[in-house]
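In: no FASTA, just this:
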């Protein structure tokens, strides 16, 4: 029978596929089944998959090479004949297999049990005992985690130590008068003040003054509160200059004249962890000098010669200026000297920015 080909349809994105089952032939009892086409984005190759009798069959479309497969389609009404290019796929059933390593391990164990020497049998038995059953471990972990209660970490200390409030005494930013900016009662409570004054009564407390304190009070007669402030500031200046090794000693004391003042300084300006020696981290050292500057401002009518302070403390003027600004003091130039002045309105926090933990 001769036929005239009217049209040739080349293979496109969708085209017929001839499927061949590698494990058998199709019988009369075969019913149609849905097929799924998957295309590899990298190679462009297509994979055909279908499910028959609960078994998945799959296969990759073969390359045409030098041959091409065509289907002949004839329209009975018009008699026209078309050649349609088709693909070919050999499909096979998919079976789940154990990992080769698991099979090898099982085979080695069985062989060792039957034919191995006494030593090899002992090794295999030891290896078997060391194996971990993941299911059992998972169940044990689930039981353990049920009894564990999550506790929120207390980050209060960390947050405080990384804020400006850690370094300076409490500030009243709404103060109407300059003497209300720093409340002495919050720096040294009335009870603490009374104890300090009773401890220094009848003693030559002036010997305890730091050289810088002696300079700023040399021409003045101090009242009881000012005396306590001077001794407190002196203790802070002294511990600021102390070596960390000396501070760590159990017998260390910063104020021989007042046990109360000694306790206040060691409790607030040093770090004492249980079972560890006393420490003075960098942030506590910065806190020490900032508090000392505030006490000196209160003691010296809210003014402070920063150049003289830097010289007496043997620290750079830049560092002293940064600490004074942290205390919300305004730094001005008087002649050729930098002077810190506590005045209203207080400077905004934007004027001071800490560049590091030690600013």
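Out: All right, it came through fine. On a predicted model such as this, the values are computed, not experimentally measured, just so you know.

In: So residue 72: helix, strand or coil?
Out: strand (DSSP: H, G, I helix; E, B strand; the rest coil).

In: That one and residue 196, how far apart?
Out: The gap separating residue 72 from residue 196 is 114 Å, by Cβ to Cβ, to the nearest Å. Any C-beta I mention is one placed from the backbone N, CA and C, and that applies to glycine too.

In: now the strands for this structure?
Out: Chain-ordered strands for the chain, with DSSP state E as the definition, fall at 5-9, 17-21, 35-39, 46-52, 55-60, 69-74, 81-93, 303-305, 330-334, 337-341.

In: want to throw those into JSON lines with mean pLDDT, mean neighbour count and distance to residue 264?
Out: Conversion of those to JSON lines gives the following (pLDDT from 0 to 100; neighbours: other Cβ atoms under 10 Å; distance: least, Cβ to Cβ, whole Å):
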{"stretch": "strand 5-9", "mean pLDDT": "82", "mean neighbour count": "12", "distance to residue 264": "98"}
{"stretch": "strand 17-21", "mean pLDDT": "82", "mean neighbour count": "14", "distance to residue 264": "90"}
{"stretch": "strand 35-39", "mean pLDDT": "83", "mean neighbour count": "12", "distance to residue 264": "77"}
{"stretch": "strand 46-52", "mean pLDDT": "85", "mean neighbour count": "16", "distance to residue 264": "80"}
{"stretch": "strand 55-60", "mean pLDDT": "86", "mean neighbour count": "16", "distance to residue 264": "80"}
{"stretch": "strand 69-74", "mean pLDDT": "85", "mean neighbour count": "13", "distance to residue 264": "97"}
{"stretch": "strand 81-93", "mean pLDDT": "85", "mean neighbour count": "16", "distance to residue 264": "85"}
{"stretch": "strand 303-305", "mean pLDDT": "92", "mean neighbour count": "20", "distance to residue 264": "22"}
{"stretch": "strand 330-334", "mean pLDDT": "88", "mean neighbour count": "13", "distance to residue 264": "28"}
{"stretch": "strand 337-341", "mean pLDDT": "91", "mean neighbour count": "18", "distance to residue 264": "24"}
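
In: what's the closest of these to residue 248?
Out: Within these, the stretch nearest residue 248 is strand 303-305; the backing value is 31.0 Å (Cβ to Cβ).

In: Return the list of helices and strands in contact with the closest one.
Out: For strand 303-305, the elements it packs on are helix 282-299, strand 337-341, judged by 3 or more Cβ pairs under 8 Å, 6 or more residues apart in numbering; DSSP states H and E.

In: mind redoing it with 10 Å?
Out: Counting contacts by 3 or more Cβ pairs under 10 Å, 6 or more residues apart in numbering; DSSP states H and E, strand 303-305 is packed against helix 211-217, helix 282-299, strand 330-334, strand 337-341.

In: in the longest one, what's buried?
Out: Okay, so that is helix 282-299. Buried residues in helix 282-299, counted by 16 or more other Cβ atoms under 10 Å: 283-299.

In: what angle do that helix and strand 337-341 make?
Out: Inter-element angle recorded for helix 282-299 and strand 337-341: 80 degrees (by axes from the mean of the first three to the mean of the last three Cα atoms, to 10 degrees).

In: so for helix 282-299, what's the average pLDDT?
Out: Along helix 282-299, the predicted local confidence has a mean pLDDT of 92.

In: could you pull out the helices for the protein?
Out: Defined through DSSP state H, the helices belonging to the chain, from first to last, are 100-115, 118-130, 134-147, 156-161, 164-167, 184-187, 190-200, 211-217, 224-241, 244-248, 259-269, 282-299, 306-313, 317-326.

In: now the ones you listed in CSV, with distance to residue 11?
Out: As requested, the helices of the chain are arranged in CSV below (distance: least, Cβ to Cβ, whole Å):
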stretch, distance to residue 11
helix 100-115, 38
helix 118-130, 56
helix 134-147, 49
helix 156-161, 68
helix 164-167, 75
helix 184-187, 88
helix 190-200, 96
helix 211-217, 95
helix 224-241, 87
helix 244-248, 83
helix 259-269, 85
helix 282-299, 75
helix 306-313, 88
helix 317-326, 78
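
In: closest to residue 43 out of those?
Out: When the helices of the chain are ranked by distance to residue 43, counting by Cβ to Cβ, first place goes to helix 100-115 at 25.9 Å.

In: Point out where the protein drops to low pLDDT.
Out: Within the chain, the stretches with pLDDT under 70 are 1, 65, 96-110, 112-114, 131-133, 148-164, 349-359.

In: Where do the domain boundaries of it fall?
Out: 5-93, 157-351 (automatic domain parsing).
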